[in-house]
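Trainee: The following comprises the amino acid sequence and a computationally predicted model.
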Amino acid sequence: MTVDSLHHTVAPAEAGPADPTLVQLLTPEGQRRGHPDFPLEIADDDVRALYRDMVALRRFDVEATTLQRQGELGIWAQVLGQEAAQIGSARALRPTDMVFPTYREHGVAWCRGIPPEDILQLFRGINFGGWDPAAYHVAPYTIVIGAHALHAVGYAMALQREPGNDSIAIAYFGDGATSEGDVNEAFVFAASYRAPVIFFVQNNQWAISVPEIRQSPIPLYQRAAGFGFPGVRVDGNDVLACLAVTRAAAAHVRAGNGPYLIEAFTYRMGAHTTSDDPTRYRLAAEVEAWKLRDPIERVKAYLSRSGAADADFFTDVDTEAERLAERVRAACVTMPDPGPLTMFDHVYAAGSAMLDAEKAAYAEYLASFEEA
Ligand SMILES: Cc1ncc(C[n+]2csc(CCOP(=O)(O)OP(=O)(O)O)c2C)c(N)n1
């Protein structure tokens, strides 16, 4: 370990993709690797499907970023670089498993069948989340860091009490969230009650401007041991490894063995959100190094080299992604603006006297313009 006395941070010697404990099934060059604990047999068709998912997701993400820059969205949280972690893990789940996402889980939402247009509604300020959580088994995006880890554990404990129900819950969050009290409380409860829940940390190495090494002297997956459940670090840019590890974790959790922590070691290639400027705290060389580990390029290299896909396949996937982007853009710019008073709706299930008073006062204020 090295200790930076100026900043009082501790850097783990093995942090990063060189860590021998990192589960990897596909190298950045697109070579298949085996792993004794996480074997994966997968048909070429399924690898092509994972590739298709990732390309669609990236194209959607780029379009949403552009829409924000053009003033069509209030803000956008890019997923750029995290496609493999999200697609691989989400494709390992059953439709009835319940997902608790943060604001960046667009790939997970995609795999659950949520139309991408619906994701944009929150970022356009039209509602508090554009889908029915019960229909897709995906809770609304959580902006409050780490809060939904507790929701996931509570939900998992309820599942546990339903006879014959072997569904599980999964909470997605970032490295920064692991510093929150809520997440640590969620770990304690999940371990104590052996709740059927996976904690899926996308360690994109930055909590806005705070690097991971300033938050944890040990790799994040090792924290699980202190709470009494398994933790594993997977190459978050390797979609096959993320699929295999999440499948194994889901089987473990589903069988009643209690929670599981997955640390997907990845990198957020974009900004934290469109309101952030990472050039103020992050070195360009770091971004360049991670571009070489692009999660999509390595699957493309594998498919091309193994002959599992030809040029027509890649052209088709790109064309399909382009159509998706056009569809999403058209839907976004024609979304009807909600009435200003609707922002008071759905805050409390049973209403609130204070909110009713605020709504009435705001209605009066708006009416004053009409009279003038
Ligand atoms: C409880 C709480 N504190 C602070 C914030 C402000 N905030 C928004 S995003 C963020 C960093 C989150 O980093 P991380 O958990 O690593 O997720 P990432 O955005 O990198 O995916 C912070 C501090 C918040 N939303 N909620």
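Mentor: That came in fine, so what should we check first? Note that this is a predicted model, so its numbers are computed, not measured.
Trainee: Taking the stretch 251-372 of the chain, what residue is nearest to the ligand?
Mentor: Proximity of the stretch 251-372 of the chain to the ligand (Cβ to the nearest ligand atom) peaks at H272, 5.5 Å away. For glycine as for every other residue, the C-beta is placed from the backbone atoms N, C-alpha and C.
Trainee: Actually, the stretch 201-350 of the chain.
Mentor: Nearest residue of the stretch 201-350 of the chain to the ligand (Cβ to the nearest ligand atom) works out as A207 at 3.4 Å.
Trainee: likewise the chain?
Mentor: Nearest residue of the chain to the ligand: G174, at 2.3 Å (Cβ to the nearest ligand atom).
Trainee: tell me the contacts of that residue?
Mentor: Residues near G174 by Cβ atoms under 8 Å, 6 or more residues apart in numbering: 102, 104, 145, 201-204, 207.
Trainee: now do 6 Å
Mentor: G174 makes contacts with Q202, as judged by Cβ atoms under 6 Å, 6 or more residues apart in numbering.
Trainee: Show me how the chain divides into domains.
Mentor: Using the TED database, the domain ranges for the chain come out as 17-338, 339-371.
Trainee: Secondary structure of V201: a strand, I assume?
Mentor: Yes. Per DSSP: H, G, I helix; E, B strand; the rest coil, V201 lies within a strand segment.
Trainee: Was I right to think it contacts E263?
Mentor: Yes. At 4.8 Å, V201 and E263 qualify as touching, with contact defined as Cβ atoms under 6 Å.
Trainee: Least reliable of the domains of the chain by average pLDDT, please.
Mentor: With a mean of 91, domain 339-371 has the lowest mean pLDDT of the domains of the chain.
Trainee: Centre of the chain to that domain, how far?
Mentor: Put simply, domain 339-371 sits 33 Å off its chain's centre (Cα atoms, centre = their mean, to the nearest Å).
Trainee: Near the ligand, which residues of the stretch 251-372 of the chain? Just list them.
Mentor: Selection of the stretch 251-372 of the chain residues close to the ligand by Cβ under 6 Å from any ligand atom yields 268, 272.
Trainee: To what extent is A249 buried, counted in neighbours?
Mentor: Neighbours of A249 under the rule other Cβ atoms under 10 Å: 27.
Trainee: Can you tell me the element it falls in?
Mentor: In the assignment (DSSP states H and E), A249 maps to helix 239-254.
Trainee: Can you check the pLDDT for M1?
Mentor: 39.
Trainee: Relative to the whole chain's centre, how far out is stretch 104-116?
Mentor: The chain centre lies 9 Å from the centre of stretch 104-116; the measure is Cα atoms, centre = their mean.
Trainee: Would that stretch count as contacting the ligand?
Mentor: Yes. Contact of stretch 104-116 with the ligand (Cβ under 6 Å from any ligand atom) involves R104.
Trainee: can you give me the end-to-end distance of that stretch?
Mentor: 13 Å (Cα to Cα, to the nearest Å).
Trainee: Let me know which of the domains of the chain is tucked in deepest.
Mentor: With neighbours taken as mean count of other Cβ atoms under 10 Å, the domains of the chain reach their highest mean count in domain 17-338, at a mean of 19.
Trainee: So E117: helix, strand or coil?
Mentor: With three-state DSSP as the criterion, E117 reads helix.
Trainee: What sits closest to it if chain neighbours are left out?
Mentor: Nearest non-adjacent residue to E117, counting by Cβ to Cβ, 6 or more residues apart in numbering: A331, 4.1 Å away.
Trainee: chain center to whichever strand or helix holds the one you found: distance?
Mentor: Assigning secondary structure by DSSP H and E places A331 in helix 311-333. Relative to the centre of its chain, helix 311-333 is centred 22 Å away, using Cα atoms, centre = their mean.
Trainee: Stretch 46-64 now?
Mentor: 14 Å.
Trainee: rewinding a little: name all residues that make contact with the residue of the stretch 201-350 of the chain closest to the ligand.
Mentor: For A207, the contacting residues are G176, by Cβ under 6 Å, 6+ apart.
Trainee: Double-check the residue of the stretch 251-372 of the chain closest to the ligand against I208; I have them as touching.
Mentor: Yes. In this structure H272 lies within contact range of I208 using Cβ under 6 Å: 4.7 Å.
Trainee: hey, what's in contact with both of V201 and E263?
Mentor: L220.
Trainee: Dig out what the residue of the chain closest to the ligand forms beta bridges with.
Mentor: Counting by DSSP bridges, G174 forms beta bridges with Q202.
Trainee: From A190, how far off is it?
Mentor: When distance is defined by Cβ to Cβ, to the nearest Å, G174 is 18 Å away from A190.
Trainee: R58 too?
Mentor: From R58 to A190 the distance is 32 Å (Cβ to Cβ).
Trainee: correct me, but E63 touches A325?
Mentor: Yes. Contact between E63 and A325 holds when scored by Cβ under 6 Å: they sit 4.1 Å apart.
Trainee: The nearest residue to R194 once chain neighbours are set aside in helix, strand or coil?
Mentor: Sequence neighbours aside, G258 is the residue nearest to R194 in space, at 3.6 Å (criterion: Cβ to Cβ, 6+ apart). Classification of G258 by three-state DSSP places it in coil.
Trainee: Tell me which residues touch the closest residue to D235 other than its chain neighbours, please.
Mentor: Leaving aside its sequence neighbours, D235 sits nearest to Q24 (Cβ to Cβ, 6+ apart; 4.2 Å). Applying Cβ under 6 Å, 6+ apart, one finds that Q24 lies in contact with 33, 235, 238, 241.
Trainee: make it 10 Å
Mentor: By Cβ atoms under 10 Å, 6 or more residues apart in numbering, Q24 lies in contact with 17, 31, 33, 35, 38, 234-235, 237-238, 240-241, 265.
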